[in-house]
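In: The following block contains a protein sequence and its predicted model.
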Amino acid sequence: MCQPGLRRSASCGGPDRARLPVQVRRRDERRIPSGVRYCSRDRVTGRPRRYHRLVLSFSAQTRTANLARMAQDRFDVLVIGGGITGAGIALDAAARGFSVALIEKDDFASGTSGRSSRLVHGGLRYLEHREFGLVRESLRERGLLFRLAPHLILPVPMYMLAGDRRSRTRYGLGLTGYDLMAAGRNIGVHRPVTAEQVRQAMPGLGAPSRGYRYFEGQTDDARLTIEVARTAQAFGAVLANHVRAEALLGGARVAGAVAADEMTGERFEIRALVTVNAAGVWADQVVRLAAGGGAASAAGSAGSGRLRPSKGVHLVFAPGTVRTTAALAVPSAAGDGRYVFLVPWEDRVYAGTTDTPYSGDLDHPAVEAADRDYILAMVAREFPGVNERDVVASWAGLRPLLNQDEPAADARTSDLSRRHVVFEDPPGLFTITGGKLTTYRAMAEDLVDRIADSLRRRSRCLTPSIPLGLHGPVRAARGLATAEAARLGLPPGTGARLMQRYGDDWREAIRLIGQDPSLGEPAVDGLPVLNVELDLARSREMAITAEDVFVRRTRLTTRDASVTRPAG
């Protein structure tokens, strides 16, 4: 008898199994998620052909079915951690044909991956530390992401001011090297700008001066994580948020985990040949589970493991208060050698980040007065008249940095490398940590290569050719979305915004608004988020709680901290 809610196999009158990709048909008990049509692999390249999402269900019902699968099946790979790295690993492994399960103790992108500076960048300042390999890798991955998710990764002009000749020479040489490293995959060559050009781009700037303009990528980090997770599900991985790893299975070799559904309290075992610790700043806690410590002993503040958590804070300013149409990178007012970025975000501007050692509660890093003052001092210096009353929201995140070369007491977090490391200890538990948002795909490829070697399976990474949420040219999609939104009488810019945030799902948003015009109205007066986006968060993005919807899927509380989210 066929399992309810899942597409039937050929024996039940469904599609011919020979037409399904390897990762779906490799086990008899596996099924395709409801409403997803897969295409076979190309016979010449071996790469998966484009799949078409008729209705890519990724909802509470999907989660329930996935939990049942996790408790019943045995997997090749279990991933602990639903940030961008964990989701990237799940996608890479599933696309290669491994059976994959992923659990996240809170929500996808609830940690570092949803609280970054939202920049996909090469790391210009890493050149000062002579980390040329990291910069080259970051620039390569930046170019790849522009191609794989053109709706989510947008070019943003970035200005660096240099009033004196010495600074102009220094910046010019650095940016020239930056462009050379990005050759063939650059998104815009740097060029010098006059003080008048700076004034036109940033009319609120107090003292425009000469400088340089270059380009980086801007994204919504939480949305990018969700798209990677959804794509992993489409390739056969089973994922569930709000599921905590309470213990690790196995003796001398880790063989999975004991998991607990945070929504119901139900506990179950997930069996896997390999377990991946992609828990970010919580990675040391997962390692302690392998030593026999339970979830209670592993939880809490930053410990004394290999990680040096660093706190980064951002402030969001009300519309019209920081008048700029481009991003600006300027030295902090503290004279500590760090740079602070001001970045336009729709009708707002956000500024950050700080970089300070952190030893508090990993689950709840707070924006403290010193953090606010640090950022405000720089913003007020560059944009006179801006003060703390103009701040409408803020966020704090933790970076999982590694300190391998010097005693913890002697290292500044701003000097620690953003490189990632992978190690297997104990056997069967692969831990990956460090790294940055931009390089998540390369990190995943590195780890899955090691898993393939460990399991003695030949495989090739396919993620450089897998689209993330949008299939087809972005310009054509924007045109269609704009025309359909206009047909429904929606305000100008609505269709383009829906396409930019939801990719292929802009069609579903328009369809729902056509059925119920109230879904085309703002969810909160004065903000661009529509009621339909609240529905999509639940039905297409596995938002389980109100916090999932308001904080990460729609960013309503990040746009304005006064927005009240409902209970539940």
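Out: Looks like it arrived, so ask away. It should be emphasised that the depicted structure is a prediction, and the values quoted were computed from it without experimental measurement. Numbering: from 1, shown residues only.
In: CA only for contacts and neighbour counts going forward, please
Out: Noted.
In: Nearest residue to residue 500 in space, ignoring adjacent ones along the chain?
Out: Computed as Cα to Cα, 6 or more residues apart in numbering, the closest residue to residue 500 that is not its neighbour in sequence is residue 151, at 4.7 Å.
In: and the one you found, what does it touch?
Out: Under the criterion of Cα atoms under 8 Å, 6 or more residues apart in numbering, the neighbours of residue 151 are 470, 474, 499, 500, 501, 503.
In: do you know how far the fourth one is from residue 334?
Out: Applying Cα to Cα, to the nearest Å, the value for residue 500 to residue 334 is 37 Å.
In: Then the third one?
Out: Between residue 499 and residue 334 the computed distance is 40 Å (Cα to Cα).
In: between those two, who's got more neighbours?
Out: Neighbour totals were compared for residue 499 and residue 334, and residue 499 leads with 24 against 11 (other Cα atoms under 10 Å).
In: And residue 123, how far from residue 216?
Out: Going from residue 123 to residue 216 by Cα to Cα gives 9 Å.
In: tell me the domain boundaries of this protein?
Out: 58-112+223-296+418-464, 157-216+307-402, 474-559 (automatic domain parsing).
In: and of those domains, who's closest to residue 128?
Out: Closest to residue 128 of the domains of the chain, according to Cα to Cα: domain 157-216+307-402, at 8.7 Å.
In: Show the average pLDDT along the closest one.
Out: When pLDDT is averaged over domain 157-216+307-402, the result is 94.
In: same deal with stretch 454-466?
Out: Stretch 454-466 shows a mean pLDDT of 95.
In: try stretch 559-568
Out: Taken as a whole, stretch 559-568 has an average pLDDT of 87.
In: CA-only coordinates of it in CSV, if you can.
Out: Extracted C-alpha coordinates of stretch 559-568, given in CSV (Å, rounded to 0.1, in the frame of the first residue of the first chain):
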residue,chain,number,x,y,z
ARG,A,559,12.8,46.0,9.9
ASP,A,560,11.0,47.4,12.9
ALA,A,561,11.5,46.1,16.5
SER,A,562,8.2,47.5,17.5
VAL,A,563,6.3,44.9,15.4
THR,A,564,4.5,42.6,17.7
ARG,A,565,4.4,39.0,16.6
PRO,A,566,1.6,36.7,17.7
ALA,A,567,2.1,33.9,20.2
GLY,A,568,2.9,30.4,19.0
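In: That one: how far from the chain's middle?
Out: Put simply, stretch 559-568 sits 22 Å off its chain's centre (Cα atoms, centre = their mean, to the nearest Å).
In: ditto for stretch 380-393
Out: Relative to its chain's centre, stretch 380-393 lies at 28 Å (Cα atoms, centre = their mean).
In: List of residues touching it?
Out: 204-207, 315-318, 321-322, 333, 376, 379, 557-562.
In: Is it possible to mark the buried ones in these?
Out: Among the contacts of stretch 380-393, those classed as buried by 16 or more other Cα atoms under 10 Å are 204-205, 315-318, 321-322, 333, 376, 379, 557-561.
In: In strands, which of those fall?
Out: Those of the buried ones among the contacts of stretch 380-393 mapping onto strands are 315, 316, 317, per DSSP state E.
In: measure the first one to residue 281 for me?
Out: Distance, residue 315 to residue 281, by Cα to Cα: 22 Å.
In: for the last one, same thing?
Out: As defined by Cα to Cα, residue 317 lies at a distance of 28 Å from residue 281.
In: Residue 537 is in contact with residue 549, isn't it?
Out: Yes - Residue 537 lies in contact with residue 549 (Cα atoms under 8 Å); the separation is 6.0 Å.
In: between those two, what contacts are shared?
Out: Residues touching both residue 537 and residue 549 (Cα under 8 Å, 6+ apart): residue 543.
In: Where do the helices of the stretch 251-400 of the chain begin and end?
Out: With DSSP state H, counting those that start in this stretch as the criterion, the stretch 251-400 of the chain has helices at 283-290, 295-298, 369-382.
In: Deepest-packed of these, please.
Out: Comparing those by mean neighbour count (mean count of other Cα atoms under 10 Å), helix 283-290 comes out on top with a mean of 22.
In: what helices or strands is that helix leaning on?
Out: Applying 3 or more Cα pairs under 8 Å, 6 or more residues apart in numbering; DSSP states H and E, we find helix 283-290 packed against strand 243-250, strand 267-277, helix 295-298.
In: ok, which stretches of the stretch 101-250 of the chain are strands?
Out: With DSSP state E, counting those that start in this stretch, the ranges of strands along the stretch 101-250 of the chain come out as 119-120, 154-161, 191-193, 211-218, 238-241, 243-250.
In: With respect to residue 441, which of those lies nearest?
Out: strand 119-120 (12.2 Å).
In: Paired strands for that closest one, with orientation please.
Out: In the sheet, strand 119-120 lines up against strand 211-218 (antiparallel) (DSSP bridges).
In: Tell me what angle the strand it pairs with forms with strand 154-161.
Out: 150 degrees (axes from the mean of the first three to the mean of the last three Cα atoms, to 10 degrees).
In: Check the offset of strand 211-218 from the chain's centre.
Out: Put simply, strand 211-218 sits 21 Å off its chain's centre (Cα atoms, centre = their mean).
In: Give me the contacts around that strand.
Out: By Cα under 8 Å, 6+ apart, the residues outside strand 211-218 that reach it are 118-122, 142, 146, 152-163, 168, 171-172, 175, 187-195.
In: just the buried members of these?
Out: Restricting those to buried positions leaves 118-122, 142, 146, 152-162, 168, 171-172, 175, 187, 190, 192-193, 195, with burial counted as 16+ other Cα under 10 Å.
In: contacting residues for residue 177?
Out: Counting by Cα under 8 Å, 6+ apart, residue 177 makes contact with nothing.
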